[in-house]
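Student: Okay, sequence plus prediction incoming.
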Amino acid sequence: MDNIYRIKEITSASAAADANAYLEKGWRLVTAGTKTIIDDLGDSYQTIAYVVGATKQQWDEYNAVRASAKIDSPLKPDLFRDGNE
């Protein structure tokens, strides 16, 4: 894991597919496990969280794709998914 420059946590409803999309791009799986989420009403639930890591080159490519699509929010859909899952 010595080449990892940045990490990204994925906890979306399609987290497994999103994580796989990053892995297919050469990112590395750092860890996966459960995470407790507390919603606006104070209710809690468990979800699966994946943490993937990127080299500097992969991170720069990821940011270039986001910039070209003018995506400012991390809440927008991941750009590395092709929609064919």
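Tutor: Nice, I can see it. Residues are numbered from 1 along each chain as shown.

Student: what comes up buried for the helix or strand harbouring residue 67?
Tutor: Secondary structure from DSSP states H and E places residue 67 in helix 56-68. In terms of neighbour count (16 or more other C-beta atoms under 10 Å), helix 56-68 has its buried residues at 58, 59, 62, 66. Placement of C-beta: from N, CA and C, glycine included.

Student: between these, which is nearest residue 46?
Tutor: Taking C-beta to C-beta as the measure, residue 46 lies nearest residue 62 of those, at 27.8 Å.

Student: Next, find the distance separating the closest one from residue 3.
Tutor: Remark: distance between residue 62 and residue 3 (C-beta to C-beta, to the nearest Å) = 15 Å.

Student: Could you work out the end-to-end span of stretch 11-29 for me?
Tutor: Distance across stretch 11-29, first residue to last, is 14 Å (C-alpha to C-alpha, to the nearest Å).

Student: Centre-most residue in this protein?
Tutor: The C-alpha lying nearest the average C-alpha coordinate of the chain belongs to residue 10 (C-alpha atoms, centre = their mean; 3.9 Å).

Student: Please name the residues that touch that one.
Tutor: Counting by C-beta atoms under 8 Å, 6 or more residues apart in numbering, residue 10 touches 18, 19, 22, 49, 50, 51, 52, 78.

Student: Confirm that residue 30 sits in a helix.
Tutor: No. The secondary structure assignment for residue 30 gives strand rather than a helix, going by DSSP: H, G, I helix; E, B strand; the rest coil.
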